[in-house]
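> Provide a 3D model corresponding to the input given below.
(one chain, ligands or ions: 2)
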Amino acid sequence: MSEIAKLEALEILDSRGNPTLAVTVTLSSGVKATAKVPSGASTGKREAVELRDGDPARYGGKGVLKAKSHVETEIQNHLRGFDANGQATLDKALCALDGTPNKARLGANAILGVSLAVARASAADRGLPLYAGFGNPSANLIPAPWFNVLNGGRHADNSVDFQEFMISPVGAPSYSEGLRAAAETFHALKSVLHKKGYSTAVGDEGGFAPQAKSNEEPIELILEAIRKAGYRPGKDVVLVLDPATSEFFEDGEYIFAKSDKSRRSPAQMVELWENLLGKYPEIWALEDGVAEDDLFGWKQLTNTLGDRIQLIGDDNFVTNPELFRQGIKDGIANAILIKLNQIGTVTETFECIELARKNGYGAVISHRSGETDDTSIADLAVAAGMGQIKTGSTSRGERIAKYNRFLEIEKELGPKARYAGAGVYDRWQAVKA
Ligand code: PGA
Ligand code: ZN
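Ligands and ions are numbered 1, 2, ... in the order given. Now for the predicted structure:
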């Protein structure tokens, strides 16, 4: 048995230049591992609390020295001597030590840093790659990625209200061929934008951020890019949208403040999706099509489109098993987005993935808009075996790090590697369109 011997934390920067934590654990065996914590911008209200110092003299109040000190004092004192292979026991102890329902006292950033560093150390200690160390030694399914090639909303300073326009190479025969299709499409999109006189600068997740004429124009631009790259939209490469509507839902209305200033009721928002998905059958999944506080909208959306398309809940479920259970009871969405730092421990994250599997929901592993070079989510996605991940565009080092990690996993698995591709969508009609 290898025990936790030492915990250290470092205040580092994320991809937006904001402070975040790197936590390093040393085991009694001498094995050392580090995890780096991501950070969101369009966060759900009920996410676990990311502890920030609030000291205006440092990083505009965004420092994480308090969280760092929690790791190195209270958490270290409590966990020293714990079995590093007992992830569930250790995560439970972390939650109990924090004592709040949302990890507000010690900070979800401090807690996740420790939880994930221990997962990494434990795998290394047992001589396993992280995807196998997470608990499934026969894990071999490499997910179909969603590449966020065009950014809007809170992730870009442009005229587009919808946050993410993604492409997924579901028709590729393997992960590496899918990655190539995505990168080629990304480059084709650059030339399409350039020709139209649009900026080819990128947003927070590495997608282009043009001053598009509407929230719909990006779809047309991307379809053109897919064709230009030599692929068939809706067959080789499909589209996924995350409009992140909670960000523009105010007093019961959706307000398109960045584009045409129009307003929509929840029923009208659902109607917009019905029309858009009818017009573009190449769109195979929709995340946060309505806002976290719009339960009426979620029910309406699920009733109208739930058998046609994958509807993913992000801001409403926030990777929280309790909230997700309630959502399943309410019959809303048919898939969940999985972000480790929304809940703060590895164990609770897997609890959500299991809930999804048992209830016939999809589960899509996700990065945050503020990232580091940590690649744990790639291994998490393979371990989960649910066949989908979103981790940005084929641009920006912190996004590429994850995509490159899958290449390593694919190589390591050799002939055992399977690529998720279109099979994930078989239960939705869109796949037959
Ligand atoms: P965030 O955005 O990381 O800024 O919260 C990602 C998402 O909404 O899916
Ligand atoms: Zn989202």
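> state which helix of the chain is the longest.
Secondary structure of the chain per DSSP state H: the longest helix is helix 175-195.
> distance from the chain centre to that one, please.
Relative to its chain's centre, helix 175-195 lies at 21 Å (CA atoms, centre = their mean, to the nearest Å).
> so what touches it?
142, 144-145, 147, 149-150, 167, 169-170, 172, 199-200, 208, 210, 221-222, 224-226, 228-231, 236-237, 393-395, 403, 406-407, 410, 417, 419, 421 (CB atoms under 8 Å, 6 or more residues apart in numbering). Placement of C-beta: from N, CA and C, glycine included.
> among these, which lie within helices?
221-222, 224-226, 228, 403, 406-407, 410.
> buried ones among the residues you listed?
Taking 16 or more other CB atoms under 10 Å as the criterion, what is buried in the ones in helices among the contacts of helix 175-195 is 221-222, 224-226, 403, 406, 410.
> hey, where'd the helices end up in the protein?
Using DSSP H, helices in the chain cover 65-70, 76-79, 87-98, 108-125, 130-133, 175-195, 217-228, 266-279, 295-305, 321-330, 340-343, 346-358, 376-384, 397-413.
> now these in a markdown table, with distance to ligand 2 and mean pLDDT?
Below are those laid out as a markdown table (distance: least, CB to the ion, whole Å; pLDDT from 0 to 100):
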| stretch | distance to ligand 2 | mean pLDDT |
| --- | --- | --- |
| helix 65-70 | 24 | 99 |
| helix 76-79 | 32 | 98 |
| helix 87-98 | 24 | 98 |
| helix 108-125 | 18 | 98 |
| helix 130-133 | 24 | 98 |
| helix 175-195 | 19 | 98 |
| helix 217-228 | 16 | 98 |
| helix 266-279 | 15 | 97 |
| helix 295-305 | 14 | 98 |
| helix 321-330 | 15 | 98 |
| helix 340-343 | 10 | 98 |
| helix 346-358 | 15 | 98 |
| helix 376-384 | 14 | 98 |
| helix 397-413 | 15 | 98 |
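> what about the nearest residue to Arg120 once chain neighbours are set aside, neighbour count?
Sequence neighbours aside, Ala33 is the residue nearest to Arg120 in space, at 3.7 Å (criterion: CB to CB, 6 or more residues apart in numbering). By the criterion of other CB atoms under 10 Å, Ala33 has 22 neighbours.
> again with Lys279
Neighbour number of Lys279 under other CB under 10 Å is 11.
> out of the ones in helices among the contacts of helix 175-195, who's nearest ligand 1?
Tyr403 (16.9 Å; CB to the nearest ligand atom).
> residue of the protein nearest ligand 2, please.
Proximity of the chain to ligand 2 (CB to the ion) peaks at Asp314, 3.6 Å away.
> the nearest residue to that residue once chain neighbours are set aside: how many residues sit nearby?
Of all residues not flanking Asp314 in the chain, Leu337 sits nearest, at 3.9 Å (CB to CB, 6+ apart). Number of residues near Leu337 (other CB under 10 Å) recorded here: 26.
> just the pLDDT at Leu337, thanks.
Note for Leu337: predicted pLDDT of 98.
> how close does Asn215 sit to Val149?
Applying CB to CB, to the nearest Å, the value for Asn215 to Val149 is 15 Å.
> of those two, who's got more company?
Neighbours per residue (other CB under 10 Å) separate Asn215 from Val149, with Val149 holding more: 30 against 23.
> surely that one and Glu164 touch.
No. Contact criterion CB atoms under 8 Å: Val149 and Glu164 do not qualify, at 9.1 Å.
> from the chain's centroid, how far away is stretch 167-175?
Using CA atoms, centre = their mean, the offset of stretch 167-175 from its chain centre is 18 Å.
> coming back round to it: tell me the buried residues in the longest helix of the chain?
Buried, per 16+ other CB under 10 Å, within helix 175-195: 175-176, 178-179, 181-186, 188-190, 192-193.
> with stretch 16-32 instead?
18-27, 31-32.
> CSV for the residues you listed, including distance to ligand 1?
Shown next, in CSV, are the buried residues of stretch 16-32 (distance: CB to the nearest ligand atom, whole Å):
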residue, distance to ligand 1
Asn18, 12
Pro19, 16
Thr20, 12
Leu21, 16
Ala22, 19
Val23, 20
Thr24, 24
Val25, 25
Thr26, 30
Leu27, 31
Val31, 31
Lys32, 28
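> overlap in contacts, Val149 and Glu164.
What both Val149 and Glu164 touch, as defined by CB under 8 Å, 6+ apart, is the set Gly207.
> hang on, the earlier thing: so which of the helices of the chain gets nearest Ile255?
helix 266-279 (10.8 Å; CB to CB).
> give me the residues contacting that closest one.
216, 219, 245, 252, 254, 264, 283, 286, 289-290, 294, 296-297, 300-301, 304-305, 308-309, 430.
> list only buried entries from the residues you listed.
216, 219, 245, 254, 264, 283, 286, 289-290, 294, 297, 300-301, 304-305, 308-309, 430.
> on that earlier part again, just checking, the residue of the chain closest to ligand 2 touches Leu286?
No. Asp314 is not in contact with Leu286 according to CB under 8 Å; the separation is 10.9 Å.
> near ligand 1, which residues of the stretch 201-350 of the chain show up?
242, 244, 314 (CB under 6 Å from any ligand atom).
> ok, now which ones touch the second one?
With contact set as CB under 8 Å, 6+ apart, Ala244 has these partners: 42, 153-154, 162-164, 287-288, 314-315.
> please redo it, this time with the cut-off set to 6 Å
Contacts here follow CB atoms under 6 Å, 6 or more residues apart in numbering; on that basis Ala244 touches 42, 153, 163, 288.
> what is the burial count for the last one?
Translated: Asp288. 29.
> skipping adjacent residues, who's closest to the residue in the stretch 1-150 of the chain that ligand 1 sits nearest to in space?
Closest residue of the stretch 1-150 of the chain to ligand 1, CB to the nearest ligand atom: Gly40 (2.9 Å). Once flanking residues are discounted, Gly40 sits nearest to Arg368: 4.4 Å by CB to CB, 6+ apart.
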